[in-house]
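>>> Here's a sequence, model it:
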Amino acid sequence: MPFHRYAREAASPTSGWSRRWPDATLDRAPIWASVDLRDGNQALAEPMDMGRKQRMFDLLVATGFKDIEVGYPAASAHDFDFVRELATKDGIPDDVTVSVFTPARPELIERTFDAIRGADRAVVHLCHATACLWREVVFGMSPREVLRMAVDGAQHLVRLAEREPGTDIRFEYSPETFNLTEPELALEIANRVAEVVDATSDRPLVLNLPTTVETHSPHVFADQVEWMHRNLDRRDAIILSVHPHNDRGTAVASAELAVLAGADRVEGTLFGNGERTGNVCLVTLALNLFSSGVDPRLELSDIDAVRAIVEDCNRLPVHPRHPYAGDLVYTAFSGTHQDAIAKGLAALSERAEREGRDVGDMPWQVPYLPIDPKDVGRDYQAIIRVNGQSGKGGIAYVLKAGWGVDLPTELRRDFAAVVQSAADALRRELEPPEIWQLLLETYCLDDSPALSADDGGGDDGAAILARLAAEHGVGFTRPRFTGSTAAGAPMTCLVAVETDGRTVWGLGRAATVADAAHRSARSALLRAGTHEGDQ
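Numbering: from 1, shown residues only. Purely as a prediction, here's the structure:
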């Protein structure tokens, strides 16, 4: 492969400084800013109509976003009309600030202001590319000309805002392709824009630094962000924002390191929709904080409901392996994983019972599950699934979770071979009811009538087993009673017969202990091929 074509030089900060971000800690959520309705929408093969846009906006508000970019009004009539709808029909909650995106062209800036006229407050987001490749190839401009474009655009924003005294208008500026721009030039442009809009701590400028096309490792971006953070003229008058894209698959890492490096705010989309490989996924970022014990400041306790709305609005599926939200992320197929999860869940329940606490209040420590699925609205039913790769622990968990039947260790090994053989023959995973039915078909062979008083119906299980053992010249293991404790549920007894050097298991289910023990012993004898007469 022609790897030599992709050798790149990073746009690194000036030498003579020492990075500090590796020693920082993520101990609070940044300001979350959704660009689903702008950056996400423009990346859709079928852009959202008015109804889908409204549904997405309502979801973002309900999820807790306070900064929402609602469109690119100069780009399409749909975007313009949607912004007008929000601005003129009191569609924006008091605690939410909307922003609108515009390139640095006078006529497009003016069209953008037309869209927000009448809103109580809004942010106008000015954006243009600053990197060398874009300057030379796309615009044919020098660095000085690009600086002039930024200044002219910012001055035009200020003039138009002054004509709208009824609207509290603030500003955002993005040097698009920041990560490929010479840091000194990016800093100079940012400082000039902050000066033009007269950014103050009371009326800060949102300075947004995009990895428009991700080209380097996340630590390079973190260095660039920290260098800006430490060198901006009006740092206390700037909300430092980042906008990572995912071309290298490291947008989440870039965002997290950027926050360590001094960023206050992160722009992205729910589940990462966006151009090419997408924007940074804000769900992943928020739940990464949550899984570290930090308040994510977004409401994601019903992750499936959030996902359903996003999939409907975007007409795109969320991948089954997507972090936190995918169909399979709380599922284990591997036998070793299944066994560890089952033991972890059992240990957590036992610890909660000892301490007299609800499991939901316990510190979460379960192998292979970074968070409790219940905390995001999922449940344990989907954690263990069984196929030909599954092990005894997972199979045992399915039976205990679904029917309360706790298989002894020896029987787990025996039944695992039965399940794996069935799954291999079917070439698919087995559903829990199929596993339960397979258990009954394999081990529960006896369905004899209930014992009468004369036959020992009033005896305990051990006495019945002792009588059958003497009659057939075999030995039985200690009976194990398990299963659901619900009123009216049958008793389940598991016992093994030991004969000719073999241990053969049987299962019995009945309304009484005596009958369950009797049926389990007869099932074991039948499986062992021992004739037992008409007992």
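>>> what's the burial count for the closest residue to Glu256 other than its chain neighbours?
Closest residue to Glu256 apart from its sequence neighbours, by Cβ to Cβ, 6 or more residues apart in numbering: Leu26 at 6.4 Å. For the C-beta atoms, the positions are set from N, CA and C on the backbone; glycine is no exception. Neighbours of Leu26 under the rule other Cβ atoms under 10 Å: 15.
>>> Which helix or strand lies directly C-terminal to the helix or strand bottoming out on mean pLDDT in the chain?
For the chain, using mean pLDDT, DSSP states H and E, the weakest element among its helices and strands is helix 392-403, scoring a mean of 85. Per DSSP states H and E, the first helix or strand lying C-terminal to helix 392-403 is helix 409-426.
>>> just checking, what packs against that following helix?
helix 392-403, helix 432-443, strand 491-499, strand 502-510 (3 or more Cβ pairs under 8 Å, 6 or more residues apart in numbering; DSSP states H and E).
>>> relative to strand 491-499, how tilted is the last one?
Strand 502-510 and strand 491-499 meet at an angle of 160 degrees, taking axes from the mean of the first three to the mean of the last three Cα atoms, to 10 degrees as the criterion.
>>> Going by neighbour count, list what's buried in strand 502-510.
Across strand 502-510, burial judged by 16 or more other Cβ atoms under 10 Å covers Val504, Trp505, Gly506, Leu507, Gly508, Arg509, Ala510.
>>> Could you export the least confident helix or strand of the chain as PDB, CA atoms only?
Taking Å, rounded to 0.1, in the frame of the first residue of the first chain, the C-alpha atoms of helix 392-403 are listed here in PDB:
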ATOM      1  CA  LYS A 392     -21.600 -23.200  31.400                       C
ATOM      2  CA  GLY A 393     -21.700 -20.000  33.400                       C
ATOM      3  CA  GLY A 394     -23.800 -18.100  30.900                       C
ATOM      4  CA  ILE A 395     -26.200 -21.000  30.300                       C
ATOM      5  CA  ALA A 396     -26.700 -21.400  34.100                       C
ATOM      6  CA  TYR A 397     -27.300 -17.600  34.300                       C
ATOM      7  CA  VAL A 398     -30.100 -17.800  31.700                       C
ATOM      8  CA  LEU A 399     -31.900 -20.600  33.700                       C
ATOM      9  CA  LYS A 400     -31.500 -18.900  37.000                       C
ATOM     10  CA  ALA A 401     -32.600 -15.500  35.700                       C
ATOM     11  CA  GLY A 402     -35.600 -16.800  33.800                       C
ATOM     12  CA  TRP A 403     -36.800 -19.800  36.000                       C
END
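>>> tell me the SS of the closest residue to Arg170 other than its chain neighbours?
Sequence neighbours aside, Val123 is the residue nearest to Arg170 in space, at 5.0 Å (criterion: Cβ to Cβ, 6+ apart). The three-state label given to Val123 by DSSP: H, G, I helix; E, B strand; the rest coil is strand.
>>> quick one: Val123 from Arg480, how far?
Here the criterion is Cβ to Cβ, to the nearest Å. By it, Val123 lies 67 Å from Arg480.
>>> ok, now Asn179?
63 Å.
>>> Counting neighbours, go ahead and name the busier of these two.
Taking other Cβ under 10 Å, Asn179 and Arg480 do not tie; Asn179 has more neighbours (28 against 17).
>>> Low-confidence regions, the stretch 401-535 of the chain specifically.
Scanning the stretch 401-535 of the chain for pLDDT under 70 picks out 454-459, 531-535.
>>> all strands of this structure, in order?
31-34, 67-71, 97-103, 121-129, 168-176, 205-211, 238-244, 265-268, 475-476, 480-482, 491-499, 502-510 (DSSP state E).
>>> TSV for those, including distance to Asn191?
Converted to TSV, those look like this (distance: least, Cβ to Cβ, whole Å):
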stretch	distance to Asn191
strand 31-34	22
strand 67-71	23
strand 97-103	21
strand 121-129	15
strand 168-176	11
strand 205-211	10
strand 238-244	10
strand 265-268	19
strand 475-476	86
strand 480-482	72
strand 491-499	75
strand 502-510	77
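>>> Buried residues, the least confident helix or strand of the chain. List them.
Counting neighbours by 16+ other Cβ under 10 Å, helix 392-403 gives Lys392, Gly393, Gly394, Ile395, Ala396, Tyr397, Val398, Leu399, Lys400, Ala401, Trp403 as buried.
>>> just to revisit the earlier point, got a list of what the residue nearest to Glu256 touches?
Leu26 makes contact with Glu256, Val259, Leu260, Leu289, Ser292, Val294 under the criterion Cβ atoms under 8 Å, 6 or more residues apart in numbering.
>>> quick one: which of those is nearest to His243?
Nearest to His243 among those is Val259, at 12.9 Å by Cβ to Cβ.
>>> Tell me if I'm right that that closest one and Asp27 touch.
No: between Val259 and Asp27 there is no contact under Cβ atoms under 8 Å: 10.1 Å.
>>> Who has more neighbours out of these two?
Higher neighbour count among Val259 and Asp27: Val259, with 24 against 9, using other Cβ under 10 Å.
>>> The more buried one - nearest residue in space that isn't next to it in sequence?
Nearest to Val259 is Pro30, by Cβ to Cβ, 6+ apart, at 5.3 Å.
>>> just checking, the one you found touches Arg265?
Yes: using Cβ under 8 Å, Pro30 is in contact with Arg265, at 5.5 Å.
>>> More neighbours: those two, which one.
Pro30 (24 against 20).
>>> tell me the contacts of the closest residue to Asp247 other than its chain neighbours?
Ranked by Cβ to Cβ, 6+ apart and with sequence neighbours excluded, the top spatial neighbour of Asp247 is Glu214, at 3.9 Å. Glu214 is in contact with Asn179, Pro244, His245, Asn246, Asp247, Arg248, Thr250, Ala251, Ser254, counting by Cβ under 8 Å, 6+ apart.
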